[in-house]
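Q: what follows is a predicted structure for the sequence shown.
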Amino acid sequence: SATPATLSAISNGAKHGILFKGGAAMEALSTMDTLYTDKTGTLTYGEFKVDDYSAPEDVLKEVIYMEQQSSHPIAQAIVSAFKETDLSSVDHEEPVNEIAGSGVEKGTVRVGKPTAFSDFKYYDRFTQYFQKGNTIILAAKEKEVVGYFSLSDQIRRQSADAVANFQKEGIKVTLLTGDNEEVTANVAEVVGVDDYKASMLPEDKIDYVMQSQDKEEVVGMIGDGINDAPALANADIGIAMGSGSSVAMESSDVVVVKNDLSKLFYSYKLSKRLNRIIF
Ligand code: ADP
Ligand code: MG
C-alpha cells in the first residue's frame, strides 16, 4: 500500500491533470529509461481534416457508414466531412469489422491505410499524395482500389518541449506509429524524437517494449488508440491520453486527462522528488 508521501504526490498529480492508478506507477515513472510514443492523437491532436478525396458515390456511402462505427480519429474526420451531405442510405445488413491499426471492412468494401492494400489492384496515382505529409486512406471494393482520402493533422503545441525535457533527463524517446513513412518522418523531425518507426502493427509496438525490457530498461509507453492498448499493458508505465479510446485508458497505469504532455513531465519530476524521499 502507498505511503502518505506517495498518496500526496498522486493527489498533486491529479490536480495537474495526471491520474495515477497507484503508487507503483508513480515509483516506476521515476526510474523510466526509455519512452515509446504513439503519433496520431498522442504527439498530434488527432483532429484530422479531409483536404481532398475521390470515390464513387456508392463506395463513399459505404465508407461513411463504416467509419460511423469506428472511434479512430480518421474515421471521425471522414464522418464529419460529409455530415452536411445526403450520403447515408446504405444496406446495413453486413457487419462492420474494425481491423485495429489498419482500417474497417464491410462485405467487399474496405477502407484504411495504403500498406494494407498491397495485394489489391492498385493505382500508382495515389503515391503522389503520400509526399505532401498528409495521411492517405484508400477505399477498395472487390479487391480493387477505387478511392482515396487525403487528411491533415496538427502536432500538439506541447509535444516538442515535452520530448526535449524527457531527453534532458537522459530518457530516450522513440516514436512508434501505424502511419506511413513520409508523415512519420516529418512529425519525428518537428518534435525531435531520438528515433522513429513507421507502419507499425499493434504487435510490433509490443515487440519494441519487450526488447527494451530484455535490456533491463524501465519502459514507458504513451498512446491513445485501441492499437496501442497491448503495448500499454506490457510497458512498465502505460500512459494513455485522456482523449483516447477507453480500452487504451483501461490498459494504462497513468492517464493524461487533458492531453497536456507538459503535465506528464511535471509528474515525472514529482515522481523523481518522491523517489529521493522514500523509494
Ligand atoms: P497511430 O499509430 O498513428 O495512432 P493507428 O495504428 O491507429 O495509427 O492506425 C494506423 C493507420 O491505420 C492509420 O494511420 C490509418 O491510416 C489506418 N486506420 C486505422 N483505423 C482506421 C479507420 N477506422 N479508418 C481508416 N483508416 C484507419
Ligand atoms: Mg494513436
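A: Everything's here; your move. Ligands and ions are numbered 1, 2, ... in the order given.
Q: least trustworthy helix or strand in the protein by mean pLDDT?
A: Every helix and strand in the chain was compared by mean pLDDT, DSSP states H and E; the lowest is helix 127-130, with a mean of 68.
Q: how far off centre is whatever helix or strand comes next after that one?
A: The helix or strand immediately downstream of helix 127-130 is strand 135-141, counting by DSSP states H and E. From the chain centre to the centre of strand 135-141 is a distance of 19 Å (CA atoms, centre = their mean, to the nearest Å).
Q: which strands and helices lie in contact with strand 135-141?
A: Judged by 3 or more CB pairs under 8 Å, 6 or more residues apart in numbering; DSSP states H and E, strand 135-141 is in contact with helix 57-68, helix 73-81, strand 109-112, strand 144-152. Just so you know, the C-beta spots here come from the backbone N, C-alpha and C atoms, and that holds for glycine as well.
Q: what's the angle from it to strand 144-152?
A: 160 degrees (axes from the mean of the first three to the mean of the last three CA atoms, to 10 degrees).
Q: residue contacts, residue 112?
A: Residue 112 is in contact with 99, 102, 103, 104, 105, 137, 138, counting by CB atoms under 8 Å, 6 or more residues apart in numbering.
Q: just the buried subset of the residues you listed, please.
A: 102, 103, 104, 105, 137, 138 (16 or more other CB atoms under 10 Å).
Q: closest to residue 211 out of the residues you listed?
A: Distance ranking of these against residue 211, using CB to CB, places residue 102 first at 22.7 Å.
Q: pull up the residues of the stretch 1-150 of the chain that are close to ligand 1.
A: Residues of the stretch 1-150 of the chain lying close to ligand 1 by CB under 6 Å from any ligand atom are 38-41, 67, 70, 72, 74-75, 101-104, 111-113, 135, 137.
Q: ok, back up a step: and which of the contacts of residue 112 is nearest to ligand 2?
A: Using CB to the ion, the shortest approach to ligand 2 within the contacts of residue 112 belongs to residue 102, at 12.8 Å.
Q: which ones are touching the closest residue to ligand 2 within the stretch 151-279 of the chain?
A: Taking CB to the ion, ligand 2 has its nearest neighbour within the stretch 151-279 of the chain at residue 225, 3.8 Å off. Contacts for residue 225 (CB under 8 Å, 6+ apart) come out as 38, 40, 41, 72, 100, 101, 244, 245, 248.
Q: assign it to helix, strand or coil.
A: Following DSSP: H, G, I helix; E, B strand; the rest coil, the label given to residue 225 is coil.
Q: mind listing what's buried along stretch 59-77?
A: 59-67, 70, 72-77.
Q: okay, now the domains of this structure?
A: What automatic domain parsing lists as the domains of the chain is 4-45+155-277, 49-152.
Q: these: lowest mean pLDDT?
A: Of all the domains of the chain, the minimum mean pLDDT falls on domain 49-152 (a mean of 88).
Q: what separates that domain from the chain centre, distance-wise?
A: Remark: domain 49-152 is offset 18 Å from the chain centroid, using CA atoms, centre = their mean.
Q: now swap in stretch 162-179 and tell me
A: How far stretch 162-179 lies from its chain's middle: 14 Å, per CA atoms, centre = their mean.
Q: that stretch vs ligand 1: in contact?
A: Yes - under the criterion of CB under 6 Å from any ligand atom, ligand 1 is reached by stretch 162-179 at 177, 178, 179.
Q: now, which of these lie within strands?
A: Secondary structure defined by DSSP state E assigns none of these to strands.
Q: residue 84: which of these is nearest?
A: residue 179 (27.5 Å).
Q: tally of neighbours for the closest one?
A: Neighbour count for residue 179, taken as other CB atoms under 10 Å: 23.
Q: got a list of what it touches?
A: Contact analysis of residue 179 by CB under 8 Å, 6+ apart lists 39, 40, 113, 135, 198, 199.
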